[in-house]
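Engineer: no letters, just coordinates:
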């Protein structure tokens, strides 16, 4: 099993940038598709984007396309989320997650980190 720990959250002004990291412990990280999700207060958790096990492909929800970039370094067991041009509506707890199979569109992500808070002030 893989354990996931997010870091890099914080408070930033509108238009600013943050880079979230997700450290994975366990030898199966490189076999997992990895994703980022977020949950704002009073809302359901939503899919942000994901990346294939080898980094060859990514997909994003429309709300973040062109602003967020997901990358991974399998040699370091690390996943990243670069967030640019942040908006107040991006404020949420951000989670990284792992998926073994059938992972398109945020489905079947069953390995979760504890989350990191991102707050974007107006």
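Structural biologist: Arrived safely, thanks for sending. The structure presented is a predicted model; accordingly, all values stated were derived computationally and were not measured.

Engineer: for the most centrally placed residue in the chain, helix, strand, or coil?
Structural biologist: The centre of the chain sits closest to residue 36, judged by CA atoms, centre = their mean, with a distance of 2.4 Å. Of the three states, residue 36 takes strand according to DSSP: H, G, I helix; E, B strand; the rest coil.

Engineer: how much space between the closest residue to it other than its chain neighbours and residue 1?
Structural biologist: Nearest residue to residue 36, sequence neighbours excluded (CB to CB, 6 or more residues apart in numbering): residue 48, at 4.2 Å. Placement of C-beta: from N, CA and C, glycine included. Separation of residue 48 from residue 1 (CB to CB, to the nearest Å): 23 Å.

Engineer: who has more neighbours out of the two?
Structural biologist: Legend: neighbour count by other CB atoms under 10 Å for residue 48 and residue 1, higher for residue 48 (25 against 7).

Engineer: what's near enough to touch that one?
Structural biologist: With contact set as CB atoms under 8 Å, 6 or more residues apart in numbering, residue 48 has these partners: 35, 36, 37, 38, 60, 61, 64, 68, 81, 94.

Engineer: check residue 38 too.
Structural biologist: By CB under 8 Å, 6+ apart, the neighbours of residue 38 are 45, 46, 48, 90, 92, 93, 94, 95, 118.
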